[in-house]
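# coords please:
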Amino acid sequence: MSGGEKKTDPLRDPNAPDPVGLSDDWPDLAGRIDEDGVHRLGVRVYYEDTDFSGVVYHASYLRFMERGRSDFMRWTGLDHGDLMQADGGLAFAVRKMTVEFHSAASIDDVLSVETWMGDMRGASMLVKQRVLNDGAPVVTADVKVALVTRRGKPRRMPLWLRRIFALHAPEGADTDGPD
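This is a model prediction of the structure:
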């Protein structure tokens with residue numbers, strides 16, 4: 001491959017924006033968004049993720065899902081750094097998380113963290129997630145995130161940001177916000 005050619009990921013939509021902050025050497029580092037609009041991120045379970053018995057510690061799943069939400073956002077074409085530079089400094093903060101544990105994963109398992117959009121409201125949106133082990137659900141979560149200013153005050157989601165996320169919302173999701 002010549003120096004000017006760009007590597008392509010055959011599993012990626014060629015019309016999707018490039019994930020922010022990734023090099024051509026690691027095209028799949030941030031997972032991928034498939035045709036169904038679901039972001040999928042592979043995560044290997046390491047010793048540090050487990051308890052004394054080699055089973056994944058429950059809080060490790062929260063870290064895995066945070067990575068999934070961050071990389072999902074990268075695939076939309078922006079990242080946390082972009083948000084911190086926009087409109088005087090913006091960020092997403094988890095406001096509420098409902099988590100259900102279905103089974104356990106163990107050391108050396110390779111998990112799939114799936115992330116997709118739910119409804120959007122004034123200053124918040126619902127992010128749906130699940131962690132799978134060989135196709136079977138291990139953890140599912142509904143995560144309500146709020147857009148906040150640099151000072152931590154809730155802020156209505158600007159139209160430009162709403163439009164970015166609406167492109168990745170499933171059919172039937174409310175992306176217009178309150179009337």
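
# and after the longest strand along the chain, which helix or strand comes next?
Assignment by DSSP state E gives strand 136-149 as the longest strand of the chain. Scanning forward in sequence from strand 136-149 by DSSP states H and E, the next helix or strand is helix 159-166.

# Format the CA atom coordinates belonging to that next one as PDB.
This file holds the C-alpha atoms of helix 159-166, laid out as PDB (Å, rounded to 0.1, in the frame of the first residue of the first chain):
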ATOM      1  CA  LEU A 159     -29.900  21.600  17.300                       C
ATOM      2  CA  TRP A 160     -26.500  20.700  15.700                       C
ATOM      3  CA  LEU A 161     -25.900  18.100  18.400                       C
ATOM      4  CA  ARG A 162     -29.500  16.800  18.200                       C
ATOM      5  CA  ARG A 163     -29.100  16.300  14.400                       C
ATOM      6  CA  ILE A 164     -25.900  14.300  14.800                       C
ATOM      7  CA  PHE A 165     -27.400  11.900  17.200                       C
ATOM      8  CA  ALA A 166     -30.800  11.700  15.400                       C
END
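
# thinking again about what came up before, can you mark which positions in the longest strand of the chain are buried?
V138, V139, T140, A141, V143, K144, V145, A146, L147, V148 (16 or more other C-beta atoms under 10 Å). C-beta coordinates here come from the backbone N, C-alpha and C atoms, glycine included.

# wait, doesn't the first one sit right on L132?
Yes. Contact between V138 and L132 holds when scored by C-beta atoms under 8 Å: they sit 6.5 Å apart.

# what touches both of those two?
Here V138 and L132 have L111 as joint contacts, going by C-beta atoms under 8 Å, 6 or more residues apart in numbering.
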